[in-house]
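Engineer: From the sequence below, what's the structure:
(4 chains)
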Number of protein chains: 2
Amino acid sequence: MSATQHQRRYSISELAAEFDVTTRTLRFYEEKGLLTPERRGRVRYFSAADRVRLRLILRGRRLGLTLEQSAEIIDLYREPEGSKRQLNKLLATLAERRAHLEQQAEDINVTLHELAAVERKCRKALK
Amino acid sequence: MSATQHQRRYSISELAAEFDVTTRTLRFYEEKGLLTPERRGRVRYFSAADRVRLRLILRGRRLGLTLEQSAEIIDLYREPEGSKRQLNKLLATLAERRAHLEQQAEDINVTLHELAAVERKCRKALK
DNA sequence: TATTGTATTTACGTTAACGTCAACGTTAGT
DNA sequence: ACTAACGTTGACGTTAACGTAAATACAATA
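Structural biologist: From the prediction side, this is the model:
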């Protein structure tokens, strides 16, 4: 099925260091069901899939999303399945998310322009 | 100096309704020093300047900023003044903010593309 | 064997950004 | 005078997203 499977696993501190978060954060995300590391004994080992999910979670965090919202988005990434009704609901959710993101993009644009204006004034004042 | 001065004032519920926030929120923002309504007796009356600040705060909120961060940004909008050292520090702050915003913009772009891919799959599955 | 390093669970603490009463005052209309 | 609508000041409650500390386990190493 799949090509060369890299069965690479990550210890909690490894993953924490790579993404610059604490181990507490990773355990917390597991507690919330966002990460599902394998256990060897009591010790956690995170998979490549966990790593991807973590990346998505942190991206959401940078955008000011709650964990629940990030979880919802990650959920969207699964193969779209289900009844016609379910698929339509999924489309609606996607539209909502997009609207949010576009609003944010607009906010960013406006702010960047305003900050640029401040910067010009500032440079002018420096001369 | 200034042109026709609209000395329009806003009651707390007026402003709350316009921006779709609660009065509690506005009082909270005042408490935090982000809004400084005039008082007639005990009653608050918000100025056009307050209205602008509120707009900025809410924009920041949509971007996931804390009130403190929004306050900092609003602060940047005052006339750039002070020593050369102060101006340089201001420039540094501006650069920081811009970096953040550009990171967010990038995150949004990536996410939008990913969601678009999901949407395509979804529409395909609907046929 | 003792220490160091890394991991675990449990559990209480913290901060931001409000929500939610409670008790009360003022003004306009009936 | 009574009610309704709108305002006020406390002050305690709530939720998310971790921080932090305590007690414990296990492995490698000096």
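Engineer: what angle separates the longest helix along chain A from helix B:84-125?
Structural biologist: If you go by DSSP state H, chain A has its longest helix at helix A:84-125. Direction vectors for helix A:84-125 and helix B:84-125, defined by axes from the mean of the first three to the mean of the last three C-alpha atoms, to 10 degrees, enclose an angle of 160 degrees.
Engineer: Next up, the contacts around A:R8.
Structural biologist: A:A48 (C-beta atoms under 8 Å, 6 or more residues apart in numbering or on different chains). The C-beta positions use only the backbone N, C-alpha and C, and glycine is treated the same way.
Engineer: Next up, the contacts around the residue in chain A positioned nearest to DNA strand C.
Structural biologist: Nearest to DNA strand C, among the residues of chain A, is A:S13, at 2.9 Å (C-beta to the nearest atom of the strand). Counting by C-beta under 8 Å, 6+ apart, A:S13 touches A:T23.
Engineer: is DNA strand D contacted by the longest helix of chain A?
Structural biologist: No. Applying C-beta under 7 Å from any atom of the strand, one finds helix A:84-125 out of contact with DNA strand D, separated by at least 14.9 Å.
Engineer: who does that helix touch, helix- and strand-wise?
Structural biologist: Under the contact criterion of 3 or more C-beta pairs under 8 Å, 6 or more residues apart in numbering or on different chains; DSSP states H and E, helix A:84-125 touches helix A:67-76, helix B:48-62, helix B:67-76, helix B:84-125.
Engineer: Can you tell me which of those is packed in deepest?
Structural biologist: Relative to the other members of the helices and strands packed on helix A:84-125, helix B:48-62 carries the highest mean neighbour count by mean count of other C-beta atoms under 10 Å in any protein chain shown, namely a mean of 17.
Engineer: who touches that helix?
Structural biologist: Here helix B:48-62 has contacts from A:64, A:103-104, A:107, A:110-111, B:6, B:8, B:10, B:15, B:19, B:21, B:26, B:29, B:34-37, B:46, B:67, B:69-70, B:73-74, B:77, using C-beta under 8 Å, 6+ apart.
Engineer: Double-check that the residue of chain A closest to DNA strand C belongs to a helix.
Structural biologist: Yes. Counting by DSSP: H, G, I helix; E, B strand; the rest coil, A:S13 is located in a helix.
Engineer: Remind me which helix or strand A:Y45 belongs to.
Structural biologist: Element membership of A:Y45 [criterion: DSSP states H and E] is strand A:43-45.
Engineer: What residues does chain A have near DNA strand C?
Structural biologist: Contact residues, chain A versus DNA strand C (C-beta under 7 Å from any atom of the strand): A:11-14, A:23, A:27, A:42-44.
Engineer: let's see it at 6 Å
Structural biologist: A:11-13, A:23, A:27, A:42-44 (C-beta under 6 Å from any atom of the strand).
Engineer: Can you pick out the most distant pair from the residues you listed?
Structural biologist: Spatial extent of these (C-beta to C-beta) is set by the pair A:S13 and A:R42 at 15.0 Å.
Engineer: Please spell out the ChimeraX selection for the buried subset of the residues of chain A next to DNA strand C.
Structural biologist: ChimeraX command restricting those to the buried ones, with burial defined by 16 or more other C-beta atoms under 10 Å in any protein chain shown:
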select /A:12,44
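Engineer: Count the residues that sit near the spatially closest residue to A:L67 that is not a sequence neighbour.
Structural biologist: Leaving aside its chain neighbours, A:L67 sits nearest to A:K32 (5.8 Å; criterion: C-beta to C-beta, 6 or more residues apart in numbering or on different chains). Burial measure for A:K32: 13 neighbouring residues, criterion other C-beta atoms under 10 Å in any protein chain shown.
Engineer: Distance to A:L91 for the helices and strands packed on helix A:84-125 - can I get that in CSV?
Structural biologist: Formatted as CSV, the entries for these read as follows, by distance: least, C-beta to C-beta, whole Å:
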stretch, distance to A:L91
helix A:67-76, 10
helix B:48-62, 24
helix B:67-76, 34
helix B:84-125, 6
